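# Task: produce atomic coordinates for the following.
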Amino acid sequence: MIFLSYIGFDSIAANSAEAKNPQKTMPRGILGSLVIAVVLFVAVALVLVGMFHYSDYANNAEPVGWALRHSGHEIVATVVQAIAVIGMFTALIGMMLAGSRLVYSFGRDGMLPKWLGKLSKDNLPNHALATITIVGVVIGSLFPFAFLSQLISAGTLIAFMFVSLGIYRLRPREGKDIPDPAFKMPLYPVLPFIGFLGAWPSSGD
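I've put the predicted structure just below:
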């Protein structure tokens, strides 16, 4: 489930078509945000373990708020938890945005039904956005969080595997029936296979 904390950094890549100079800005955005998040994750974890024994946080959905309240900081705990709720909401919006771009790209490239790859009169992927929103709402309303966290982790790893394999289908079509992109996966055809193998063992855990 720790993997769940790192889902979202890949959403930066989903918006690469809307970026300027993606060959430079995409790696910097993904790796830079990942480094900052890891430092913050580790720092918060060290502080929490310093406040209470790590076993006290077992099955606790609000470890930071719980630790602050039990340390006599009720107001700070309320502020932190309010910020966390807002943060989760904005994260969901970001994930839906990235997911709609992925579904649109798959539909446009013929790997999903073509109507998912169509744009509205305002050049927005509304079909893809509506589809992924409905699927997310239905699944989120029917299953508990513990199951969803495992499902999301497994689903993300499976998606990584198929995206890696998809490179082999898309690369020969570049400059023919699909545009030649500004950013290409380097070290083709070796790196897509390494990416596929990197996700494969984890998906079986």
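# Got the phi and psi for residue 174?
Dihedral pair for residue 174: phi -60, psi 130, per degrees, to the nearest 10.
# again with residue 178
Note on residue 178: backbone dihedrals following degrees, to the nearest 10 are phi -130, psi 150.
# Against which helices or strands is the helix or strand of the chain with the lowest mean pLDDT packed?
Lowest on mean pLDDT, DSSP states H and E among the helices and strands of the chain sits helix 11-14, with a mean of 74. Applying 3 or more Cβ pairs under 8 Å, 6 or more residues apart in numbering; DSSP states H and E, we find helix 11-14 packed against helix 22-51, helix 74-108. Where C-beta positions appear, they are placed from N, C-alpha and C, glycine not excepted.
# Of all the residues in the shortest one, which ones are buried?
Spelled out, that is helix 22-51. By 16 or more other Cβ atoms under 10 Å, the buried positions in helix 22-51 come out as 22, 26, 29, 30, 48, 51.
# need the contact list for the residue in the chain sticking out farthest from the centre.
In terms of distance from the mean C-alpha position of the chain, residue 72 ranks first, at 35.2 Å (Cα atoms, centre = their mean). Contacts for residue 72 (Cβ atoms under 8 Å, 6 or more residues apart in numbering) come out as none.
# ok, now residue 38?
Counting by Cβ under 8 Å, 6+ apart, residue 38 makes contact with nothing.
# Show me the contact partners of the least confident helix or strand of the chain.
By Cβ under 8 Å, 6+ apart, helix 11-14 touches 26, 29, 30, 33, 94, 95, 97, 98, 99, 101, 102, 105.
# tally of neighbours for residue 154?
Using other Cβ atoms under 10 Å, residue 154 has 15 other residues around it.
# returning to that earlier point: for the contacts of helix 11-14, which one is nearest residue 130?
residue 99 (11.7 Å; Cβ to Cβ).
# Quick check: closest non-adjacent residue to that closest one.
Spatial nearest neighbour of residue 99, excluding adjacent residues (Cβ to Cβ, 6 or more residues apart in numbering): residue 132 at 4.6 Å.
# Name the SS class of that neighbour, please.
When classified by DSSP: H, G, I helix; E, B strand; the rest coil, residue 132 comes out as helix.
# thought it was touching residue 103?
Yes. The pair residue 132 / residue 103 is scored as a contact, 5.5 Å apart, by Cβ atoms under 8 Å.
# What values do phi and psi take at residue 7?
phi -70, psi 130.
# With residue 144 instead?
Main-chain dihedrals, residue 144, degrees, to the nearest 10: phi -70, psi 160.
# how much space between the nearest residue to residue 57 once chain neighbours are set aside and residue 80?
Nearest residue to residue 57, sequence neighbours excluded (Cβ to Cβ, 6+ apart): residue 63, at 4.6 Å. As judged by Cβ to Cβ, to the nearest Å, residue 63 and residue 80 stand 11 Å apart.
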